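Engineer: Okay, predicted coordinates and the sequence, questions at the end:
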Amino acid sequence: MNERRRVPRRTRIGTGGVVLLSSLIFVVAAIALVGGFVAVRQLGEAAAESKRLFAVQEMGDVLARIQLDQETSLRGYLISRQRAFLDPYLIEPDPFEERARSLRELLKANGLETAVGHLDTMVLAHRAWRTQFAARLIGNPSPKNVVGMEPVGKILDDRIRQEAAALREGISLTNDRVEASLEANVDRTLDYSVGFVLIVSLAVLYLALAQRSMQAALTRQHSIAAHLQAALGVGWQSIPGATIGTVYVSASSDSEVGGDLFDAWRVDEEHGAIMIADMSGKGVDAVVNTAFCKYSIRALLDTDRDPAAVMTTFNNLFARMVDDPSMFAVAFLGVLDARSGVLEYVSAGHEAAFYRSGKTVRLLQIGGPIVGMEADSTYKLATVMLQRGDLVVLATDGLTEARDLRGAMLGADAAGDLIARGSSNPQELCNQLIDEVRRRGGDEVSDDLALLALRYDGEAGGGGSRIVDEPLRG
């Protein structure tokens, strides 16, 4: 501080020096301002182009996932002969063709002509796969025909994967060039700046890149979620004698899709089925196994109304079809008789299943191990007789394991208390539970969470539940 006070007295800056110094300060300030604006504009343009390329790349990945989903459905049909596996082939027009047309327009708009060629070859190979391979096996699924057609399918599969990889590589190279151009422009801008301009520019660079990264993650999350809904047909049917409410929320900090699944469907005019499941793993593997679970259990329940027998068969099928030993699932499957109010169910390691009668809430018992642990596991059937107005609430572990800001989990007791005090309207009850999970986490959801609530609206034939655990709250 003393050194700075001595400098002016020794230098003796006159009027001209004051003007010159003021001019230099003005020039430096102008350089800082202009340099900052130039850097921000360059970063914004590069980030916008990179975001567009990322969206194009994501759409290419969606095409690969649609092809994988159709391949998985075909394998399920060839193994089980259940028509439910053929749902992806009944959608008109073909989702693959629709997405490919949109992607082609984006590629041309971004000047990626080489990538357009790879996409066109990929579309032709997919079309041939459906007409020359899948359609023939669906028409004649005999073992002999499967063996004979296998080489054709493998050639077409390899071609689709090769073109998809080439498409992604071409987009990645273009994105790399964009980033390289961005770095060069920023370097030139910083060369004309003085010390503090460098600091400001680096701060702008950091913030812009952070914003781009965050936006890319949000875009990816939205894209995957939209594909998951399209691939699995997420939703449910109304079932006889009951009102259904559902909610599904994704974790706030995870862009990869998990394996949470709920489903409700009409079995016949007097029976309906409800199901909730949580597959281990994340990403494409979880999506494939979730689709496998949904379609397999629906198909098996068409031939056997016993939920325990269905779960036993599905466990054996899961253990044989899924090669990864780390993959498993917890699941709950129930069948409601609308006339009597009897809900027959099986819980395969699924803890978060609640029965509410009036303001009393009980946990429904677990009737067997987690799916996929042992191929020869068997499951025990349980029964609960519902009165009019009774509720059954199913949730994945994102409810009982919801944590507050101190890290404490909600737990089954507190979840049961929330259900006891909640609305009798199934949808409102699901919304209340989600709101409580968000409140505990500071408006964040730490784990994917699926909820399904069923209210029995018909006439029950008796009173109370027959096979349940001790009450949580009274």
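Structural biologist: Sure thing, it's come through.

Engineer: Every contact and neighbour count from this point should use C-alpha atoms.
Structural biologist: Will do.

Engineer: Show the average pLDDT along stretch 401-416.
Structural biologist: Stretch 401-416 shows a mean pLDDT of 88.

Engineer: actually stretch 82-93, sorry about that
Structural biologist: Average pLDDT, stretch 82-93: 78.

Engineer: cool, and stretch 431-449?
Structural biologist: Mean predicted lDDT for stretch 431-449 stands at 86.

Engineer: Mind listing residues that contact that stretch?
Structural biologist: For stretch 431-449, the surrounding residues in contact (C-alpha atoms under 8 Å, 6 or more residues apart in numbering) are 247-253, 258, 260, 395-399, 402-405, 418-419, 422-423.

Engineer: Among these, which are located in strands?
Structural biologist: 247-249, 260, 395 (DSSP state E).

Engineer: and which of those residues is nearest to Ser340?
Structural biologist: Ala395 (24.9 Å; C-alpha to C-alpha).

Engineer: quick one: contacts for the closest one?
Structural biologist: Going by C-alpha under 8 Å, 6+ apart, Ala395 touches 276, 352-353, 449-452.

Engineer: will you turn those residues into a markdown table that also has neighbour count, secondary structure and distance to Gln237?
Structural biologist: Output for those, formatted as a markdown table (neighbours: other C-alpha atoms under 10 Å; DSSP: H, G, I helix; E, B strand; the rest coil; distance: C-alpha to C-alpha, whole Å):
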| residue | neighbour count | secondary structure | distance to Gln237 |
| --- | --- | --- | --- |
| Ile276 | 24 | strand | 14 |
| Ala352 | 25 | coil | 22 |
| Ala353 | 22 | strand | 20 |
| Leu449 | 26 | strand | 20 |
| Ala450 | 25 | strand | 16 |
| Leu451 | 27 | strand | 15 |
| Leu452 | 26 | strand | 12 |
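
Engineer: okay, these in TSV with distance to Phe314 next?
Structural biologist: Compiled in TSV, the contacts of Ala395 are given as follows (distance: C-alpha to C-alpha, whole Å):
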residue	distance to Phe314
Ile276	14
Ala352	21
Ala353	20
Leu449	23
Ala450	21
Leu451	22
Leu452	21
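
Engineer: Widest-spaced pair of those?
Structural biologist: It's Ala353 and Leu449 that sit farthest apart of these, by C-alpha to C-alpha, at 13.6 Å.

Engineer: all helices in this structure, in order from the N-terminus.
Structural biologist: Ranges of helices within the chain are 2-11, 15-80, 87-90, 95-109, 113-128, 135-139, 143-191, 195-232, 283-303, 307-321, 411-421, 426-440, based on DSSP state H.

Engineer: how does the protein divide into domains?
Structural biologist: For the chain, automatic domain parsing gives the domain ranges 43-228, 235-473.

Engineer: Could you identify the buried members of the ones in strands among the contacts of stretch 431-449?
Structural biologist: 247-248, 260, 395 (16 or more other C-alpha atoms under 10 Å).

Engineer: Relative to Glu71, how far out is Gly334?
Structural biologist: 29 Å (C-alpha to C-alpha, to the nearest Å).

Engineer: neighbour count winner among the two?
Structural biologist: Per other C-alpha atoms under 10 Å, whichever of Gly334 and Glu71 has more neighbours is Gly334, with 23 against 17.

Engineer: Number of residues surrounding Ala299?
Structural biologist: Neighbourhood size, Ala299 [other C-alpha under 10 Å]: 19.

Engineer: Just the C-alphas of stretch 262-275, formatted as PDB.
Structural biologist: Provided in PDB are the C-alpha atoms of stretch 262-275 (Å, rounded to 0.1, in the frame of the first residue of the first chain):
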ATOM      1  CA  PHE A 262     -45.900 -50.800 -13.200                       C
ATOM      2  CA  ASP A 263     -48.700 -52.300 -15.100                       C
ATOM      3  CA  ALA A 264     -52.500 -52.900 -14.800                       C
ATOM      4  CA  TRP A 265     -54.600 -54.700 -17.400                       C
ATOM      5  CA  ARG A 266     -58.000 -56.300 -17.900                       C
ATOM      6  CA  VAL A 267     -57.800 -60.100 -17.900                       C
ATOM      7  CA  ASP A 268     -61.500 -60.600 -18.600                       C
ATOM      8  CA  GLU A 269     -64.900 -59.000 -17.800                       C
ATOM      9  CA  GLU A 270     -64.600 -59.900 -14.100                       C
ATOM     10  CA  HIS A 271     -60.900 -60.000 -13.400                       C
ATOM     11  CA  GLY A 272     -58.000 -57.500 -13.600                       C
ATOM     12  CA  ALA A 273     -54.300 -57.800 -13.000                       C
ATOM     13  CA  ILE A 274     -51.800 -55.400 -11.300                       C
ATOM     14  CA  MET A 275     -48.100 -55.600 -11.300                       C
END
